[in-house]
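K.L.:
Give me coordinates for this.
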Amino acid sequence: MANFHVLFSGDIAPGASQEQVIRGLQRTLGIDQRKFNQLFSGRSVVLKSQLDAAEAQSLVAVLSAIGAICRVKDYSPQPAGNPARFKLDEPGVDRTMRDLTAAHLECPRCGHIQLIATFCQRCGVDINAAQKKPRKEDAIIEKKLKALRAGKSTSEAPAPEEKAAKTSPTNKMGAWFRKVQ
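P.N.:
The predicted structure is shown next:
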């Protein structure tokens, strides 16, 4: 099924008057005066649609004799069985990463796994700065490990916050909340 449209943009052939074109369009298309404002607005307007190629060309010939400059556009769907009109490029070297897990990174603060980036998508922390600065928990664990390797039990080696609470004179209320043995 052919699907040709005849389009009109309001252009008039040289030597033709606008009144002559309006009267000719009224006779040919049967359009009332109200719709002529749309025809001469400067935008493309479909005059007739779903025509065969021969019907569309004959209508354009009639309208060009009146003095209206029209064009035909084919809206027919292209069959899927046609081969492509272009030549496919030769397959080049595949530079895709084979192991995508190498491009992933775990946030040191929240543990979110994401592609390599400077900031975490979930918590927004600067990943490079967070990896450089050891966390407080890591420091506590390292001190307990050193104490265990030296032969002391973990109960003998005080945690850093307990030591800070005992030595800090400004932390009098902190001792009240601590567990009393």
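
K.L.:
Could you use CA atoms for every contact and neighbour count after this?
P.N.:
Noted.

K.L.:
domain assignment for this structure?
P.N.:
If you go by automatic domain parsing, the domain ranges for the chain are 4-74, 100-132, 136-168.

K.L.:
Of the ones you listed, flag the one that's most buried.
P.N.:
Compared across the domains of the chain, domain 4-74 shows the largest average neighbour count, a mean of 16 (mean count of other CA atoms under 10 Å).

K.L.:
Run through the chain and note the low-pLDDT ranges.
P.N.:
Low-confidence segments of the chain (pLDDT under 70): 1, 79-103, 134-135, 152-181.

K.L.:
what about the helices in it?
P.N.:
All helices of the chain, identified by DSSP state H, fall at 18-29, 33-39, 53-66, 127-132, 136-149, 160-167, 172-177.

K.L.:
Same list (the ones you listed) but as a markdown table, adding distance to residue 46.
P.N.:
Below are these laid out as a markdown table (distance: least, CA to CA, whole Å):
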| stretch | distance to residue 46 |
| --- | --- |
| helix 18-29 | 12 |
| helix 33-39 | 9 |
| helix 53-66 | 12 |
| helix 127-132 | 59 |
| helix 136-149 | 73 |
| helix 160-167 | 81 |
| helix 172-177 | 82 |
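
K.L.:
Can you name every helix or strand that the top strand by length along the chain contacts?
P.N.:
The longest strand of the chain (DSSP state E) is strand 4-12. Applying 3 or more CA pairs under 8 Å, 6 or more residues apart in numbering; DSSP states H and E, we find strand 4-12 packed against helix 33-39, strand 45-51, helix 53-66, strand 68-74.

K.L.:
how much does it deviate in direction from helix 18-29?
P.N.:
With axes from the mean of the first three to the mean of the last three CA atoms, to 10 degrees applied, the angle from strand 4-12 to helix 18-29 works out at 160 degrees.

K.L.:
Quickly run through the sheet partners of strand 4-12, with directions.
P.N.:
Partners of strand 4-12 in the sheet, by DSSP bridges, are strand 45-51 (antiparallel), strand 68-74 (antiparallel).
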